[in-house]
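Q: I'll drop the sequence and a predicted model, then ask my questions.
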Amino acid sequence: MARASAARSAALALLGDVRRRDARARDVLRSSKRLQDMGVRDRSFAVRLVMGVVGSVGLLDECVDAHLKRPSRLEPKVRDALRLGAYELLFLHTPRSAAVSQGVELVRFASPRAAGLANAVLRRVAEVDVPAREEAFGRVRCGDGMSTRDLAMVSGYPEWLVRRVERTRGSDFVRDLCLSATEAAPIYVAARGAGFRVDDETEGLLRSAGLDPAPGGAEGSYVLRNPAGLASSGLVERCDVVVADLSAQRVARSVASHAASSVLEIGQGRGTKSILVSDAARRAGKELRIVGVDSQPFKVGVAERRMEVAGLSGTVSCHVYDACELDGKDVPSVLEGPFQTVFVDAPCSGTGTLRRHPEIAWSLDEQSVDSLVALQGRIVAAASRRVAPGGFLCYATCSVLRRENEDVVDAFLISAAGEEFELVEEPFLSAPCLGGADGHFCAIMSRG
């Protein structure tokens with residue numbers, strides 16, 4: 001009797017941590033001592049399993065529960081193990097016999113008396129659900145006669161989300177989105193510095209670290225074909241490079257191109273866009289003063305430390321503040337402005353980044369999207385009060401939902417707060433696709 005492999009056993013333990021702590025998968029993976037002690041191959045497989053299960057958990061439970069008499073009585077740790085087995089069967093190319101036997105061993109470890117049940121359930125998944133998904137994948141791949149159910153089966157995403165994207169973005173867009181879910185997201189990094197000489201030095205550093213960089217599709221951008229050693233290389237810790245999706249880099253470059261002196265950045269987070277915007281401006285021969293705000297003190301603390309390491313603490317400041325209050329009378333003097341550019345990196349659903357943040361897909365619902373839209377509108381209206389005449393208001397999300405993007409911008413422009421603003425160019429929108437970047441949106445408005 002073969003024992004469960006080290007990678008699968010680690011994945012089972014990590015899924016238990018995610019469930020018990022109600023934590024983000026990436027946070028659990030990032031802090032896992034178990035993963036740090038594993039070889040590169042096993043570590044990569046364990047991460048793929050955890051991220052995949054979390055991102056398709058609703059579909060996996062649907063398939064498992066269809067072959068159980070009393071799904072509600074399933075122990076949580078047994079369900080975790082069955083999810084892993086079902087994920088391998090449905091989404092990976094593991095031979096069916098191996099996936100079933102390894103899934104059974106995971107269940108045996110979690111609860112020995114449930115091993116027989118696991119064998120029966122996983123065999124039914126292999127016999128019934130795997131062929132159904134393969135047929136759905138064929139229809140989606142060729143784009144012929146695909147249904148919402150087919151798209152959900154291929155991606156592991158909820159049907160309501162697939163339906164909403166398809167209704168507002170079209171069949172090609174949603175097809176790309178769903179097919180992209182079948183692979184891990186590419187890892188992009190941006191070089192630090194102001195010219196090609198520095199870019200060449202950065203490429204040399206990446207190669208020396210064994211990361212196998214390739215041109216990322218923009219100046220100073222690289223995609224890493226062997227990213228496993230990035231964390232241990234020290235390059236990110238020293239801010240020699242910035243990890244950022246290619247579409248996020250493009251948003252930052254667009255903001256920088258519409259900034260001449262002062263920028264108010266709303267939703268600064270951990271400061272990634274602050275660095276990207278500053279570096280993009282320096283490449284263009286400009287020096288920006290960026291004032292960043294975020295409502296979460298922890299993130300502001302992280303951003304402050306990153307600015308010091310990045311050599312930007314003299315030009316980028318970080319502040320705790322609720323952006324919804326920017327139209328009030330008691331705004332701190334550092335935030336009063338007016339600013340030549342106000343950049344709203346809005347809180348959003350994150351539906352353009354589902355490959356990187358898999359828990360989003362099944363924790364989101366239509367009501368929570370509506371709540372986000374109301375918040376986005378409030379922030380944009382308040383932020384617009386800090387834009388100087390002749391200046392720019394930049395609104396960005398990492399969502400693919402029209403409700404959070406074009407609809408928010410359109411509602412603002414016809415409101416009293418937006419009557420002095422107009423779009424200066426067609427908004428930027430990217431769709432997640434196989435081998436490509438994430439979904440991001442950015443609209444640039446000018447104040448007359």
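A: Arrived safely, thanks for sending. Residues are numbered from 1 along each chain as shown.

Q: spatially speaking, which residue is in the middle of this structure?
A: Nearest residue to the geometric centre of the chain (C-alpha atoms, centre = their mean): residue 353, 2.9 Å.

Q: Let me know the next secondary structure element after the strand or helix carrying residue 117.
A: For residue 117, the element it lies in under DSSP states H and E is helix 115-124. Scanning forward in sequence from helix 115-124 by DSSP H and E, the next helix or strand is helix 130-142.

Q: buried stuff in the helix or strand following that next one?
A: Going down the chain from helix 130-142, the next helix or strand is helix 148-155, by DSSP H and E. The neighbour-count check on helix 148-155 (16 or more other C-beta atoms under 10 Å) flags 148, 150, 151, 152, 153, 154, 155 as buried. Every C-beta, even on glycine, is put in place using the N, C-alpha and C of the backbone.

Q: Output the contacting helices and strands for helix 148-155.
A: Judged by 3 or more C-beta pairs under 8 Å, 6 or more residues apart in numbering; DSSP states H and E, helix 148-155 is in contact with helix 130-142, helix 159-169, helix 171-180.

Q: and those helices, which is most packed in?
A: helix 171-180 (a mean of 20; mean count of other C-beta atoms under 10 Å).

Q: show me the contacts for residue 219.
A: For residue 219, the contact set (C-beta atoms under 8 Å, 6 or more residues apart in numbering) comprises 199, 283.

Q: Just put the helices and strands packed on helix 148-155 in TSV and tack on mean pLDDT and distance to residue 112.
A: TSV is the format used below for the helices and strands packed on helix 148-155 (pLDDT from 0 to 100; distance: least, C-beta to C-beta, whole Å):
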stretch	mean pLDDT	distance to residue 112
helix 130-142	96	26
helix 159-169	96	36
helix 171-180	96	38
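
Q: Next, format those as CSV and append distance to residue 223.
A: What follows is these, written out as CSV (distance: least, C-beta to C-beta, whole Å):
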stretch, distance to residue 223
helix 130-142, 23
helix 159-169, 25
helix 171-180, 15
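
Q: name the element residue 52 belongs to?
A: Applying DSSP H and E as the criterion places residue 52 in helix 40-55.

Q: helices and strands around that helix, which ones?
A: Under the contact definition 3+ C-beta pairs under 8 Å, 6+ apart, helix 40-55 sits against helix 6-21, helix 25-30, helix 33-36, helix 76-91, helix 359-363.

Q: So which of the ones you listed is nearest residue 45?
A: Nearest to residue 45 among these is helix 6-21; the distance by C-beta to C-beta comes to 4.2 Å.

Q: Give the buried residues for that closest one.
A: Neighbour-count burial for helix 6-21 flags 6-19 (criterion: 16+ other C-beta under 10 Å).

Q: got the contact list for it?
A: With C-beta under 8 Å, 6+ apart, helix 6-21 has contacts from 4, 23-25, 28-29, 32, 34-35, 38, 41-43, 45-46, 49-50, 53-54, 76-77, 80-81, 83-84, 102, 106, 109-110, 359.

Q: circling back: from what I can see the residue nearest to the centre of the chain touches residue 245, true?
A: Yes - using C-beta atoms under 8 Å, residue 353 is in contact with residue 245, at 7.4 Å.

Q: What separation do you get for the residue nearest to the centre of the chain and residue 438?
A: Distance, residue 353 to residue 438, by C-beta to C-beta, to the nearest Å: 5 Å.

Q: Need the overlap of contacts for these two.
A: 185, 245, 398.

Q: For the first one, which three-state class applies?
A: Secondary structure assignment for residue 185 (DSSP: H, G, I helix; E, B strand; the rest coil): coil.

Q: Tell me how many other residues surround residue 235.
A: Counted by other C-beta atoms under 10 Å, the residues lying close to residue 235 total 22.

Q: Contacts only, for it.
A: Residue 235 neighbours (C-beta under 8 Å, 6+ apart): 189, 205, 206, 209, 241.

Q: The longest strand along the chain pairs with which strands?
A: The strand that spans the most residues within the chain, counting by DSSP state E, is strand 387-397. Within its sheet, strand 387-397 is paired with strand 339-345 (parallel), strand 441-447 (antiparallel), according to DSSP bridges.

Q: ok, then the element right after it?
A: Following strand 387-397 in sequence order, the next helix or strand is helix 406-413 (DSSP H and E).

Q: Need the contact partners of the helix or strand that that next one is followed by.
A: Once helix 406-413 ends, the next helix or strand along the chain (criterion: DSSP H and E) is strand 421-423. Under the contact criterion C-beta under 8 Å, 6+ apart, strand 421-423 has outside partners 384, 387, 393, 409, 412, 413, 443, 444, 445, 446, 447, 448.

Q: again with stretch 99-107
A: With C-beta under 8 Å, 6+ apart as the test, stretch 99-107 has contacts from 1-5, 8-9, 12, 78, 81-82, 84-86, 88-89, 92, 94, 114-115, 117-119, 122-123, 126.

Q: Filter those down to the buried ones.
A: So, by 16+ other C-beta under 10 Å, the buried ones in these are 4-5, 8-9, 12, 78, 81-82, 84-86, 88-89, 114-115, 117-119, 122-123, 126.
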